[in-house]
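*Asks:* sequence and predicted model, in that order:
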Amino acid sequence: MIQEQTQMMQEQANLEAKVSQLESRLTEERESVSAANEARESLAIQNAVVQSDLDSTRQALGKVEGELDNIQQQLAAEKEATEDLRSRLEDSDSEVDGLAASVNKLNKELETATTQSASIQEDLAQVKAELSAAETKYNNLVATQGDQQSINRELAALRSEIAEKRSDIDSLKTEAQNLQAKIDELKDEIEKYGDVLWTRPLTCSGSMLPRISCTDKAIVRTDVPVEDIQKGHAIIFVPPDDEDCRFPPKGMILHRVVEKSQLAGVRRPSGEFGLYLFLTKGDNNDSSDGCWIPETNVLGVVAAVEEDLYPELKSVEDRVSQATSHYESELGAYNSLEESIISNFDQWLNIVKRCYRVVVDGVPIYYCRSILDVNQANELRDQILSAIDRLDGYWQDVQEAWDELTDTLRWADREVVNYHKTKGG
């Protein structure tokens with residue numbers, strides 16, 4: 001009997017232990033369920049926040065697309081206005097040609113602006129694609145079961161990515177605004193300078209190569225005060241009546257200012273004392289033009305150059321370049337011979353100074369201490385006399401090359417004038 005009671009007590013103790021274990025496991029399960037419920041609630045809140053961010057981003061994208069559509073419409077309107085302006089300018093006189101050139105420049109910049117706008121559209125499309133990918137990633141994240149900490153990290157990364165896309169959208173909006181501001185600035189520039197610009201076809205002298213050619217057209221500003229003309233400016237001017245000027249025969253010159261001066265005792269057209277003078281030089285010339293250009297002869301400052309508008313004149317320019325090269329070659333040979341005479345004479349003079357000079361029957365005779373000095377002096381003397389004999393022939397070649405160059409320049413001027421008459425320019 002006692003044994004049975006003991007056994008029953010043992011079984012009751014075991015049963016109570018099992019009940020205690022079950023209660024403990026039940027408590028743990030309840031805690032797990034509670035934690036899971038809290039995690040689900042937190043995830044739901046985070047999902048709502050992310051969904052709100054995505055909705056805001058979509059709205060912002062819609063606004064930006066609307067703004068870009070407006071900009072595109074404005075660009076189209078500006079193009080139409082510019083085309084209409086160009087059409088009216090073609091019927092105007094030569095003073096308005098400068099404005100036409102400016103409009104051409106504006107068209108190019110508008111085309112660039114249109115290209116930039118298309119680039120912005122591509123960037124927006126890329127941003128939309130990236131946002132779509134982020135949304136897909138978010139949906140996959142919601143559907144994926146996994147560790148809560150991993151989900152939090154993914155959500156944080158997704159928020160950061162959305163913030164970057166918003167920043168990209170802001171940058172694109174700023175770029176679009178800057179583009180519109182640039183268009184407005186170009187319009188203002190046309191209005192500002194339209195009355196002070198004129199165009200000038202160029203002669204084929206080759207003096208401003210390679211930067212400026214007779215196949216180009218110069219756009220000249222006539223409103224620049226002479227006080228503001230500085231070294232480095234290319235100017236259009238009428239050559240003064242000065243024998244020191246090294247200008248081939250032509251009416252107007254386009255050369256670059258290399259030096260600026262002022263005559264304190266000479267009145268200016270304004271009545272003030274201090275007439276401005278400019279020393280000029282062609283970019284392709286070895287030396288300056290040799291004379292000062294008074295401010296009264298300056299017609300304007302080159303504001304821009306439209307390149308290669310008249311490719312048919314390239315053959316004329318090539319012929320002038322050949323004649324110029326021939327003249328420079330002949331002049332270089334003459335200068336080289338002249339320099340050799342001067343150099344040999346200086347050497348001969350240094351040797352003679354070391355010798356004794358005696359005049360016999362009116363003929364100077366030199367007695368030198370060294371036979372080497374005698375031989376070298378005689379050799380130098382023979383070289384000098386021979387070079388002097390050839391010098392006249394060399395100078396004749398220079399004169400002939402110069403005559404050929406001036407004839408070629410006159411011919412080139414006629415060709416250019418006839419060409420622009422035919423073209424109506």
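*Replies:* Structure's in. What do you need? Numbering: from 1, shown residues only.
*Asks:* part of a strand, is Thr203?
*Replies:* No - applying DSSP: H, G, I helix; E, B strand; the rest coil, one finds Thr203 to be coil, outside a strand.
*Asks:* for Gly251, see how far away it is.
*Replies:* Relative to Gly251, Thr203 is positioned 9 Å away (Cβ to Cβ, to the nearest Å). C-betas here are computed from N, CA, C, even on glycine.
*Asks:* and Asn285, by the same measure?
*Replies:* Distance, Asn285 to Gly251, by Cβ to Cβ: 19 Å.
*Asks:* avg pLDDT for the helix or strand that Asn350 is a member of?
*Replies:* Here Asn350 sits within helix 314-352, counting by DSSP states H and E. Here the mean pLDDT over helix 314-352 is 88, rounded to a whole number.
*Asks:* in it, what's buried?
*Replies:* Of all the residues in helix 314-352, those buried under the rule 16 or more other Cβ atoms under 10 Å are 316-317, 320-321, 323-324, 326-327, 330-331, 334, 337, 341, 344-345, 348, 351-352.
*Asks:* what packs against it?
*Replies:* The helices and strands touching helix 314-352, judged by 3 or more Cβ pairs under 8 Å, 6 or more residues apart in numbering; DSSP states H and E, are helix 371-423.
*Asks:* and the helix it packs on, what does it pack against?
*Replies:* Here helix 371-423 touches helix 314-352, going by 3+ Cβ pairs under 8 Å, 6+ apart.
*Asks:* now do the helix it packs on and helix 371-423, the angle between them.
*Replies:* For helix 314-352 against helix 371-423, the angle between stretch directions is 160 degrees (axes from the mean of the first three to the mean of the last three Cα atoms, to 10 degrees).
*Asks:* for Ser24, give its distance to Ser34.
*Replies:* 16 Å.
*Asks:* what do you get for Val302?
*Replies:* Summarising the geometry, the distance separating Val302 from Ser34, computed by Cβ to Cβ, is 84 Å.
*Asks:* and Leu26, by the same measure?
*Replies:* When Cβ to Cβ is applied, the distance between Leu26 and Ser34 equals 13 Å.
*Asks:* list the contacts of Val266.
*Replies:* Taking Cβ atoms under 8 Å, 6 or more residues apart in numbering as the criterion, Val266 is in contact with 273-275.
*Asks:* by neighbours, which of the residues you listed wins?
*Replies:* Leu275 (19 neighbours; other Cβ atoms under 10 Å).
*Asks:* quick check: that residue is in a strand.
*Replies:* Yes - when three-state DSSP is applied, Leu275 is found to be in a strand.
*Asks:* tell me the bridge partners for it.
*Replies:* Residues in a beta bridge with Leu275, per DSSP bridges, are Leu263.
*Asks:* ok, it to Ala264 distance?
*Replies:* Between Leu275 and Ala264 the computed distance is 9 Å (Cβ to Cβ).
*Asks:* how about the strands in the stretch 151-300 of the chain?
*Replies:* 197-201, 217-221, 234-237, 253-267, 273-281, 292-294, 298-306 (DSSP state E, counting those that start in this stretch).
*Asks:* and the shortest one, what does it pack against?
*Replies:* For strand 292-294, the contact count by 3+ Cβ pairs under 8 Å, 6+ apart identifies strand 273-281 as packing neighbours.
*Asks:* and the fifth one, by the same measure?
*Replies:* The elements that strand 273-281 packs onto, with contact taken as 3+ Cβ pairs under 8 Å, 6+ apart, are strand 234-237, strand 253-267, strand 292-294.
*Asks:* straight-line length of stretch 265-277, end to end?
*Replies:* 13 Å (Cα to Cα, to the nearest Å).
*Asks:* need the mean per-residue confidence for it.
*Replies:* The pLDDT scores in stretch 265-277 average 88.
*Asks:* mind pulling up the pLDDT for Val96?
*Replies:* 43.
*Asks:* what does the one 10 residues further on give?
*Replies:* We note a pLDDT of 58 for Leu106 in this prediction.
*Asks:* turn the strands of the stretch 151-300 of the chain into TSV, including distance to Ala17.
*Replies:* Converted to TSV, these look like this (distance: least, Cβ to Cβ, whole Å):
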stretch	distance to Ala17
strand 197-201	106
strand 217-221	104
strand 234-237	107
strand 253-267	109
strand 273-281	113
strand 292-294	118
strand 298-306	101
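*Asks:* burial count for Pro240?
*Replies:* Other residues lying near Pro240 total 15 when counted by other Cβ under 10 Å.
*Asks:* number of nearby residues for the closest residue to it other than its chain neighbours?
*Replies:* Taking Cβ to Cβ, 6 or more residues apart in numbering, and ignoring the residues beside it in sequence, Pro240 has Asn297 as its nearest neighbour in space, at 5.7 Å. Look at Asn297: counted by other Cβ under 10 Å, it has 18 neighbours.
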